[in-house]
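Have a look; sequence and predicted model below, questions after that.
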Amino acid sequence: STSGTVYSFGRGDCGELGAGDTKDCHSPMQIKALADHSIVQLAAGAKHAVALTADGSLFTWGLGERGQLGIGVFGQTAVPLEVKQFSATVQGSEESRNSADKWTMAESDQNGRSQSCVLTAVQCGEQHCMAIAADATVWVWGSNEFGQLGLANADCVTKAGNEGDQPLPRRVASLPEGEIAQSIHCSANSSLILMAPSLGTFPASPSSPSPLNGKDIPQNHAGTPSSFKTGSFLSNLVSMVSPGTKQHGGKDNDEETALYFEKHVKKNLHTGDKRGRKKTEMLWRKGLPASVRSWLWPMALGNPVGVTPMLFEEIKKRAAQQNDSTLAQDLEQDLPRTFPGLHLYARGGAFYKELRAELEMIATFRPDIGYTQGLSYMGAVLAMFSTDEFASWALFVNLLAQQPLRACYPSNNSMMRVHTDIFLVTLREFNTQSYELILKAGVRTDHGGFLYQWLHTIFAKFLPLSIVVRLWDLFFLDGSSVFHKAAACLTKQLVEQAASSIGMNDIRGDNMTDFYEAFMCLLKQTPYTVKEELLWADMDTCSLPASASNSL
């Protein structure tokens, strides 16, 4: 559930329901042993299951005859047991370090755990498991009958089970140098690891710099390597969480564009000087270089809220003095799920402290908002492209004061209805068939519908990052109408894909139920199904009707 509660049902003869017995169950039943934990991910094998908690700990239950429970024994349990190697309550004892071969990083969380002990994702095969830790290391355990653990023969340990089976998590060491694991996947008896270029080695704090090509990395105010927030680092970062998309331009083109903006735009953006405006707008619409966003986004939006460095320091001090256990729990649950493929925002990640501090300050400065789901994604995007702690927070504060976010934080039903009306009239004018289909199928477009979800994070949670940042570029140029146009163009794409998937050619047909289910399914898969080039082509032809523009 959204609160992290786990329910199970079905066959339970091996304890795989986690209910404490081996009975079958024909209706959802809460797993009481996990009631005190906030669960953020579940995975299930043939007869075992695993649950990942918000703090990166792991619980397993069910059949473990091949070591797939990861608890060091071969057998079964009907009650979820914590895998001690990843326990948030186990301190870094010498015994645990030696037995697990896992303490390889200097950075630790508040419990003394190495980054390689804090899990961010887990998968199950039929009788084996895989997991990714905060430092992007990969861990495996369980059956190795077909080599599905990826361990060389020399790494295999024969225990009481079948030869090569692993009852304790083992790190996969034979992965390419210079790359890190981005995601993992298991089938019944095989495993897959998707690798991505390494973004470098992140220092734990300003007092412990790490070498990069023989040189110390300069630090910004938040202790994050500022040199990483430019050029190739951000290009790699955007690529890692943008499945199926490609970056606009290339390295040389980005450098040339960045030099142009530095020379011709930085001093003249608000001076009224119209020279070069056409070229500036053309380059801006194609997508800004990553290094330009750090100063152009705040400059373009301005500071209508009037945030000052003195106010920033005062809010920072107040946030540090607060002891809000509910806020702390919410952040511990949400941050690991924020762009999880990057491994940057979970505890121990390079930007974890920066993002957490930013969100705590937002909750302090805007008690009417506090902290709600969605803020972490927007804060994460801002943290990526800001080299200054104050500038990032000031931009966040001012962004929340703009539409459409003013309708979402705090939630304002009447204001959201205005945005819904703008979206619908824009969609109707842009593509009448899509408009008629979603209305006839009963797809919700009101406060609880997909439009609210998109606007709630201004698409940061639901689209590939390469599209998100370019949409934000356009917002800082054209205003909030960009998001309504994007919503209309995306809806058109999803409607066409849903109709095509069920062979639907006539909107007057009777298969509205099938269309509805196909559309809602595609909504959950937008990072992987959206066609980026089509989106930009459609947005070039989509425009807000005059009535909608007047409403904005």
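Noted; the coordinates are in hand.

Averaging pLDDT per element, find the lowest-scoring helix or strand in the protein.
Among the helices and strands of the chain, strand 211-212 carries the lowest confidence by mean pLDDT, DSSP states H and E, at a mean of 28.

Can you mark which positions in stretch 362-370 are buried?
Across stretch 362-370, burial judged by 16 or more other CB atoms under 10 Å covers Ile362, Ala363, Thr364, Phe365, Arg366, Ile369, Gly370. The C-beta positions use only the backbone N, C-alpha and C, and glycine is treated the same way.

And for stretch 329-342?
Along stretch 329-342, these residues count as buried under the neighbour rule (16+ other CB under 10 Å): 330-342.

Now name the helix or strand holding Ile184.
In the assignment (DSSP states H and E), Ile184 maps to strand 179-186.

which secondary structure elements does that strand contact?
Strand 179-186 sits against strand 119-124, strand 128-133, strand 191-197, with contacts defined as 3 or more CB pairs under 8 Å, 6 or more residues apart in numbering; DSSP states H and E.

Can you give the contact residues for the first one?
The contact list for strand 119-124, computed with CB atoms under 8 Å, 6 or more residues apart in numbering, reads 41, 43-45, 48-50, 52, 56-58, 68, 86, 129-134, 139, 183-186, 191, 336, 340, 343, 346.

and what of the last one?
By CB under 8 Å, 6+ apart, the surrounding residues in contact with strand 191-197 are 123, 125, 128, 130, 138, 140, 148-150, 172, 175-176, 178-186, 236, 239-240, 341.

Restricted to buried residues, select the residues you listed in ChimeraX.
Buried members of the contacts of strand 191-197 can be picked out in ChimeraX with the line below, counting by 16+ other CB under 10 Å:
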select :123,125,128,130,138,140,148,149,150,172,180,181,182,183,184,186,236,239,240,341
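
Tell me the bridge partners for Gly10.
Applying DSSP bridges to Gly10 gives these bridge partners: Cys25.

count of neighbours near it?
The local packing count at Gly10 equals 11, with neighbours defined by other CB atoms under 10 Å.

thinking again about what came up before, tell me the gap between the strand holding Ile184 and the middle of its chain.
With CA atoms, centre = their mean, to the nearest Å as the basis, strand 179-186 stands 15 Å off its chain's centre.

and it with strand 128-133, angle?
Between the direction of strand 179-186 and that of strand 128-133, the angle (axes from the mean of the first three to the mean of the last three CA atoms, to 10 degrees) works out to 150 degrees.

tell me the angle strand 179-186 makes with strand 191-197.
Going by the same axes, to 10 degrees, strand 179-186 makes 150 degrees with strand 191-197.

for strand 179-186, what is the average pLDDT?
The predicted model assigns strand 179-186 a mean pLDDT of 83.

next one: stretch 499-516
For stretch 499-516, the per-residue pLDDT values average out at 77.

Which residues lie in contact with Phe396 in this structure?
Going by CB under 8 Å, 6+ apart, the list of residues near Phe396 reads Glu358, Ile362, Met378, Gly379, Leu382.

rerun at 6 Å
Phe396 sits next to Leu382 when contact means CB atoms under 6 Å, 6 or more residues apart in numbering.

Let me know the average pLDDT across the helix or strand encompassing it.
When secondary structure is defined using DSSP H and E, the element that contains Phe396 is helix 389-400. Averaged across helix 389-400, the pLDDT comes to 93.
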